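1. give me coordinates for this.
(one chain, ligands or ions: 3)
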Amino acid sequence: MTSYTELGLVNTRELFKKAVSGGYALPAYNFNNMEQMQAIIQACVETKSPVILQVSSGARKYANQNLLKNMAKGAVEYAHELGCDIPIVLHLDHGDSFELCKDCIETGFSSVMIDGSKYPYDENVALTKKVCEFAHSRKDYVTVEGELGVLAGVEDDVSAEHSHYTQPAEVEDFVKKTGVDSLAISIGTSHGRAKFKPEQCTRTADGILIPPPLRFDILEEVEKRIPGFPIVLHGSSSVPIEYVHMIEKYGGKLTDSVGIPEEQLRRAAKSAVCKINIDSDGRLAMTALVRKVLTEHPEEFDPRKILGPARDELKKLYSHKNVNVLGSANRV
Ligand code: G3H
Ligand code: 13P
Ligand code: ZN
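-> Ligands and ions are numbered 1, 2, ... in the order given. Okay, here's the model as predicted:
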């Protein structure tokens with residue numbers, strides 16, 4: 001059994017307090033491999049931003065939980081070596097059972113999400129409460145994120161055909177009954193690179209999809225009912241059109257890609273939204289650069305020459321998000 005403090009990690013409690021009062025959001029970047037982790041830490045050290053390293057159950061299967069845990073420990077040491085001891089959280093993304101959350105907590109995660117949003121309300125409450133009781137009884141207090149409302153989109157185990165917005169009338173009761181430390185809500189974001197159907201969008205003259213706006217009215221209602229309580233947004237990639245174009249230029253096919261515009265995320269980050277989840281944008285940046293290198297240098301077969309440029313691009317992307325979207329830069 002490992003406690004996250006032994007790994008040099010922190011939970012989200014103090015970080016969320018500061019983010020809510022400071023009007024910014026913490027980046028929650030998913031990672032599965034070394035290059036992603038290096039890019040995240042380089043960007044967050046350079047911009048002096050705290051960071052949440054997120055691991056999905058798919059990432060755990062892909063990379064091995066022991067390796068991921070030790071990569072998070074390595075991330076703490078790497079940040080130190082790069083010259084800034086930024087606070088680092090290791091978070092389970094979309095935990096779907098008590099057993100998975102318990103296992104992560106016992107192997108050194110400092111924060112877990114229990115995603116009971118697909119269950120009826122009372123079952124979601126009971127499951128979330130059970131995870132909170134276990135996580136909070138740990139000597140080092142592991143923080144827990146719950147979810148109310150369902151996001152549309154498909155990501156491995158996380159899938160739903162339609163979104164169901166969070167009902168503000170439920171949030172106060174949910175938070176009180178479960179004891180969660182933060183709450184993910186559904187206000188129109190969704191997982192993946194095609195967040196809306198074309199018929200939900202308008203198009204610019206050159207065919208680029210413009211998505212419908214997020215439901216800030218629901219967010220405001222939620223904030224009224226649980227003032228200052230940490231809110232989380234999933235499915236918050238912006239799906240930069242430059243990466244989509246680059247991927248398509250070099251042979252990929254990503255029809256009808258559309259994300260959440262950055263200015264809407266910036267607006268959300270200024271509110272009680274204090275954690276913004278981003279995975280797909282990293283996937284797009286990496287794929288774009290890998291495709292470019294392989295197409296332009298067909299003779300190349302050294303993985304470092306293929307993944308190195310992708311890692312550099314990822315770092316640029318994360319720095320940009322911290323500085324210009326989330327407002328998390330210079331908060332260490
Ligand atoms: O919300 C889910 C994340 O994007 C993780 O995706 O389950 O494919 O690792 P994944
Ligand atoms: P995106 O697919 O928009 O990057 O969302 C990621 C996410 O919510 C991870 O939990
Ligand atoms: Zn998510």
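2. look through the protein and state the residue closest to ligand 3.
-> residue 234 (3.3 Å; C-beta to the ion). All C-beta atoms are positioned from the backbone trio N, CA, C, and that covers glycine.
3. what about that residue, how many neighbours?
-> 29 (other C-beta atoms under 10 Å).
4. residues touching it, list them.
-> 147, 151, 184, 189, 191, 277 (C-beta atoms under 8 Å, 6 or more residues apart in numbering).
5. same check on residue 219?
-> 185, 187, 231, 268, 271, 272, 273.
6. of those, select the buried ones using a ChimeraX command.
-> What follows is the ChimeraX syntax selecting those of the contacts of residue 219 that are buried according to 16 or more other C-beta atoms under 10 Å:
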select :185,187,231,268,271,272,273
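7. dump the contacts of residue 219 into a markdown table; add distance to residue 281, pLDDT and secondary structure as well.
-> Output for the contacts of residue 219, formatted as a markdown table (distance: C-beta to C-beta, whole Å; pLDDT from 0 to 100; DSSP: H, G, I helix; E, B strand; the rest coil):
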| residue | distance to residue 281 | pLDDT | secondary structure |
| --- | --- | --- | --- |
| 185 | 21 | 98 | strand |
| 187 | 19 | 97 | coil |
| 231 | 20 | 98 | strand |
| 268 | 16 | 98 | helix |
| 271 | 21 | 96 | coil |
| 272 | 23 | 96 | coil |
| 273 | 17 | 98 | strand |
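8. most widely separated two among the contacts of residue 219?
-> 187 and 272 (12.0 Å; C-beta to C-beta).
9. tell me which parts of the stretch 101-250 of the chain are close to ligand 2?
-> Residues of the stretch 101-250 of the chain found near ligand 2 (C-beta under 6 Å from any ligand atom) are 191, 192, 234, 235, 236, 237.
10. ok, and the most crowded of those residues?
-> Neighbour-wise, these (other C-beta under 10 Å) top out at residue 236, 32 neighbours.
11. show me the contacts for that one.
-> Taking C-beta under 8 Å, 6+ apart, one finds 189, 260, 265, 276, 277, 278 in contact with residue 236.
12. how about those in JSON lines, adding pLDDT, neighbour count and secondary structure?
-> Shown next, in JSON lines, are those (pLDDT from 0 to 100; neighbours: other C-beta atoms under 10 Å; DSSP: H, G, I helix; E, B strand; the rest coil):
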{"residue": "189", "pLDDT": "96", "neighbour count": "27", "secondary structure": "coil"}
{"residue": "260", "pLDDT": "98", "neighbour count": "25", "secondary structure": "coil"}
{"residue": "265", "pLDDT": "98", "neighbour count": "26", "secondary structure": "helix"}
{"residue": "276", "pLDDT": "98", "neighbour count": "29", "secondary structure": "strand"}
{"residue": "277", "pLDDT": "98", "neighbour count": "26", "secondary structure": "strand"}
{"residue": "278", "pLDDT": "98", "neighbour count": "26", "secondary structure": "strand"}
